[in-house]
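Asker: Below is the sequence, then the predicted model.
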Amino acid sequence: MKKTCGTLVVQTFLADLFRSAAEAGPHDILKLYSPKGSIINISTRLEPNSPSSCYRLEVVATDCSHQPPGAELAGGLDLSSIEKRSLQCLERNILIYDDKTPSVVFEMKKQVDSFREKLENVEHLSWLGLFKDLSEGTHKPSPFYHKRTLQKTREECERVREKFLQMSSLEVSEEVRNYLKTPTFDNWQWEDAEIMVLLQVMYTDLDFVASFNIEPETLQQFLFEVYRRYNNIPFHNFKHCFCVTQMMYGLIWLTDLRSKMDSINLLIMLTSAVCHDLDHTGYNNAYQINARTDLALRYNDISPLENHHCAVAFEILERSNIFRNLSPDQYKRIREGMIKCILATDMTRHNEILNKFKSTLPSFDFTNKEHKDLLMMILIKVSDISNEARPMEVAEPWLDCLLQEFFNQSDVEKLEGLPVTPFMDRDKVTKPSSQIGFIRFVLLPLLIELTKLFPCLKHHIIEPVRKALDYYTEMEKALEKEQQAWAQSENVAKSNEEDDGQDNPNSNLLSVVLQLNSASQVSRCIKNPKDSLLLHLYRCNNLGKIKTQIKGN
C-alpha cells in the first residue's frame, strides 16, 4: 500500500513537472513525442534524451469532461490559450494544404491581430469592465486613481536604494560631469540608481549643497523618495523626470544663468524639474476631468495633475526636507516659486504663458521679479517638451514611449465611453503626424522666443529641432507613398477577384457568420479549416471588419 501511494505521489509530481514545462493548465492534455515522432508514455521510466535527439512536448487538447457548465467562464479554463493553440494548429494545416496562406486569410489574420493588440495594450481591463451601471446623464468617478498597480514594488525600490547608497560616495568623472551639462546627453545608458547619483552631482556642482547647507543624507533620501513616487508608466516616469531636470541643468550652464539669477531661483528651477510629474498616472488632465477622478474632484478641474505633482513634492519634503536649514522667508519663496513652475507645465496654459513672455522680451530685465518668474516658467516648459532637441537616437525612443501612453489613454476612453482625445487615437495618429504639428506650432515657436533672449541656444536647441522636423516630414511623405501603393494593390486585387466570378465560398460563410448568434453555431458551420479564423474574428465581436470583407468579396 505504501509503495502504491509513493508511486502515485511521484507520478503526480512528474505530471505537474511536465505541465509546468509546457506552461499548461490543470485540464490540458499533454503528449510527449520521441525524436522520430512516436508517442512516449510520460512516466518515471523515461530514458534520458540529449540536445541532438530531444523529446517534443505538446499541449494537444483540453479535458472539459470534469468541468461543470460555465466553469470556463469562472476561470476554470484558459480559453485564450486554447484559442491560441487552435489558431496555431490551423495555420499549420493551411500551410500543409496550400503551401502558403491565402491572401484573404492572411489579411483577416492581420486584422484580428491588430484588434487583439488594441485590447492587450489596455493594461487595466481587469478593473474596467465592458458594462457600467451609470445613472443617466452622469459619470461615476473613474476607478483608475484608486488602483496603485503602477507603483514600484517595495523589493524593487529597496534594491535600487541599496545600489544608489553604495554608489553615492563615488567620484563622478570630469568627462561625465561636462557631458551632463549638454542637451545631447543620452539618458538610455543609465540605470535608475546611477541617475540618482547624477542628480546628486547637479545639486553639488551648482553649489546648492554648500550654499544652503543641505545634508548629503537628506538629499539622498529626498532623491530616493522622488524615484519611488514616479510610477512605472511608458513616458511620465523617473527617466522622464531625469531628462527634464538634465535639460534644465544644461540650460542653466549654457545661458550662464548663475551670473544673472540668484541661487534660490536656480534651486527652485532644478527642484521643480525633479518634482514636476510626481505620481503621474499616465492619463492626462482631459481624462481626469472627463472621468471625474478623485484628482479632478479635489482640484475642481483646475490643472488636477499639476496640482497633484506639487502636493506630492511638498509631501516628500515634509519627511526629507532639503530646505530645512533655510530661513522661513527663503522657504516661503521656494514654495511659491516651485508651485508657479510646476503649474506652468500644464499645456492648456501654453499660449497664455508664452504670450506674456513675448511681451516682456523688448524690455526684459533680470532685476524685475515678474520677468524672472516668467523666464523660469518658460525654462521648465522648454525642458519638459524638448526631447526633439536631443540626438535622434535619444529622442525617437521617447516618442515611442509617449505614443504608447497616448494610445493606452485613448483605448481606455473608448472602453469607458468618454470623449476620445484626437491626438491620442491609435486609429488616426502616426508617428510623423504627431510630431510635425507639435514641432511646427508648439515647440519651435517656444524655442524661438527663448533664443531671442539667449541667442547662444540657437545651435544647441533650434538646429536639432529643425532637423527633427525635416526627418518626420520625410517620414510622412514615405508613409503616404506606401499607403497609395497599398491602395492601388488592393484595387487591383479586388478587380481580379470580381473577374473570377461571384461564387466565393468565403463570402457565403461570412454571410452566415453575421446571421448566427453564437460561436458554437459558427463552429458547426465551418467545414474548411481555413475559415476557422473567421470564428476568431467573430469572437472578437468585430462584425464591421467581417462586413467589409464580404463587400470586398
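Answerer: Cool, the structure landed.
Asker: Where is the longest helix in this protein?
Answerer: helix 463-499 (DSSP state H).
Asker: Could you pull out the buried residues of that one?
Answerer: Within helix 463-499, the residues that count as buried by 16 or more other CB atoms under 10 Å are 464-465, 468-469, 471-472, 475-476, 497. Just so you know, the C-beta spots here come from the backbone N, C-alpha and C atoms, and that holds for glycine as well.
Asker: Then stretch 40-51?
Answerer: Buried-residue list, stretch 40-51, by 16+ other CB under 10 Å: 40, 42.
Asker: What average pLDDT does it get?
Answerer: The pLDDT scores in stretch 40-51 average 76.
Asker: measure it end to end?
Answerer: Using CA to CA, to the nearest Å, the end-to-end distance of stretch 40-51 comes to 18 Å.
Asker: And it, how far out from the chain middle?
Answerer: Its chain's average C-alpha position is 44 Å from that of stretch 40-51, according to CA atoms, centre = their mean, to the nearest Å.
Asker: Likewise for stretch 411-430?
Answerer: Using CA atoms, centre = their mean, the offset of stretch 411-430 from its chain centre is 15 Å.
Asker: And the helices in the stretch 401-550 of the chain, which stretches?
Answerer: 431-438, 444-453, 463-499, 505-515, 519-525, 532-539, 543-552 (DSSP state H, counting those that start in this stretch).
Asker: Show me the shaky parts of the stretch 351-500 of the chain.
Answerer: 493, 496-500 (pLDDT under 70).
Asker: hmm, 90 instead?
Answerer: 427, 479-500 (pLDDT under 90).
Asker: Quick check: which helices or strands does the helix or strand hosting residue 329 pack against?
Answerer: Under the criterion of DSSP states H and E, residue 329 resides in helix 328-343. Helices and strands touching helix 328-343, by 3 or more CB pairs under 8 Å, 6 or more residues apart in numbering; DSSP states H and E, are helix 263-275, helix 304-319, helix 369-385.
Asker: Go through it and flag the buried ones.
Answerer: 331, 333-335, 337-343.
Asker: do the same with stretch 309-329
Answerer: So for stretch 309-329, counting by 16+ other CB under 10 Å, buried means 309-313, 316-317, 320-323, 326.
Asker: Cross-check the contact I'm expecting between residue 24 and residue 59.
Answerer: Yes: judged on CB atoms under 8 Å, residue 24 makes contact with residue 59 at a distance of 4.8 Å.
Asker: Overlap in contacts, the two.
Answerer: Common neighbours of residue 24 and residue 59, using CB atoms under 8 Å, 6 or more residues apart in numbering, are residue 30.
Asker: Just want to know which of those two has more residues nearby.
Answerer: Taking other CB atoms under 10 Å, residue 24 and residue 59 do not tie; residue 24 has more neighbours (21 against 17).
Asker: and the helix holding residue 329 with helix 263-275, angle?
Answerer: Put simply, helix 328-343 runs at 40 degrees to helix 263-275, going by axes from the mean of the first three to the mean of the last three CA atoms, to 10 degrees.
Asker: Distance from the chain centre to the helix or strand following helix 328-343, please.
Answerer: Remark: after helix 328-343, the chain's next helix or strand is helix 350-360, criterion DSSP H and E. Mean-position distance between helix 350-360 and its chain equals 32 Å (CA atoms, centre = their mean).
Asker: which of the residues in helix 350-360 are buried?
Answerer: Those would be 350, 353-354, 356-357, 360, for helix 350-360 by 16+ other CB under 10 Å.
Asker: and among the helices and strands packed on helix 328-343, the most buried is which?
Answerer: A comparison of the helices and strands packed on helix 328-343 by mean neighbour count, using mean count of other CB atoms under 10 Å, puts helix 263-275 on top with a mean of 23.
Asker: any idea of the mean pLDDT for that helix?
Answerer: 99.
Asker: Identify all contacting residues around it.
Answerer: 199, 202-203, 206-208, 211-212, 223, 226, 241, 244-245, 247-249, 252, 257-258, 309-310, 312-313, 316, 322, 330, 333-334, 337-338, 341-342, 372, 376, 379-380, 383-384.
Asker: Now do that helix against helix 304-319: the angle between them, please.
Answerer: Using the same axes, to 10 degrees: helix 263-275 against helix 304-319 is 110 degrees.
Asker: Helix 263-275: how far from the chain's middle?
Answerer: That offset, for helix 263-275, works out to 28 Å (CA atoms, centre = their mean).
Asker: same check, this time on stretch 390-409
Answerer: For stretch 390-409, the distance to the chain centre is 9 Å (CA atoms, centre = their mean).
Asker: before we move on, the earlier item: quick one: which of the buried residues of stretch 309-329 is nearest residue 443?
Answerer: residue 309 (21.4 Å; CB to CB).
Asker: That closest one contacts residue 278, doesn't it?
Answerer: Yes: with contact defined as CB under 8 Å, residue 309 reaches residue 278; the gap is 4.7 Å.
Asker: Just confirm residue 170 is within a strand.
Answerer: No: Residue 170 is assigned coil when assessed by DSSP: H, G, I helix; E, B strand; the rest coil, not a strand.
Asker: Quick check: it vs residue 208, distance?
Answerer: In this view, residue 170 and residue 208 are 20 Å apart by CB to CB, to the nearest Å.
Asker: Can you classify the residue nearest to the spatial centre of the chain by secondary structure?
Answerer: Nearest to the mean C-alpha position of the chain, by CA atoms, centre = their mean, lies residue 234 at 3.0 Å. What three-state DSSP gives for residue 234 is coil.
Asker: Is it in contact with residue 399, as I believe?
Answerer: No: using CB under 8 Å, residue 234 makes no contact with residue 399, being 11.0 Å away.
Asker: On the pLDDT front, check residue 208 for me.
Answerer: pLDDT, residue 208: 98.
Asker: show me the contacts for it.
Answerer: Per CB under 8 Å, 6+ apart, neighbours of residue 208: 214, 263, 266-267, 270.
Asker: Show me which pair in the buried residues of helix 350-360 is furthest apart.
Answerer: 350 and 360 (16.4 Å).
Asker: Domains in this structure, by residue range?
Answerer: Here the domain assignment for the chain is 7-63, 154-384, based on the TED database.
Asker: Comparing those domains by mean pLDDT, which bottoms out?
Answerer: It's domain 7-63: among the domains of the chain, that one has the lowest mean pLDDT, namely a mean of 73.
Asker: how much distance is there from it to the middle of the chain?
Answerer: 38 Å.
Asker: ditto for stretch 267-286
Answerer: 17 Å.
Asker: go on, stretch 429-437?
Answerer: 17 Å.
Asker: Buried residues, that stretch. List them.
Answerer: So stretch 429-437, judged by 16+ other CB under 10 Å, has buried residues 429-432, 434-436.
Asker: try stretch 238-255
Answerer: 238-252, 254-255.
Asker: just stretch 178-186 next, same as before
Answerer: In stretch 178-186, counting by 16+ other CB under 10 Å, buried: 180-181, 183, 185.
Asker: Any chance of those in JSON lines with distance to residue 454 and secondary structure as columns?
Answerer: Shown next, in JSON lines, are the buried residues of stretch 178-186 (distance: CB to CB, whole Å; DSSP: H, G, I helix; E, B strand; the rest coil):
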{"residue": "180", "distance to residue 454": "19", "secondary structure": "coil"}
{"residue": "181", "distance to residue 454": "15", "secondary structure": "coil"}
{"residue": "183", "distance to residue 454": "13", "secondary structure": "coil"}
{"residue": "185", "distance to residue 454": "19", "secondary structure": "coil"}
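Asker: Dump those to JSON lines, plus distance to residue 287.
Answerer: Output for the buried residues of stretch 178-186, formatted as JSON lines (distance: CB to CB, whole Å):
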{"residue": "180", "distance to residue 287": "35"}
{"residue": "181", "distance to residue 287": "36"}
{"residue": "183", "distance to residue 287": "31"}
{"residue": "185", "distance to residue 287": "31"}
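Asker: would you say residue 24 is within a strand?
Answerer: No: using three-state DSSP, the assignment for residue 24 is coil, not a strand.
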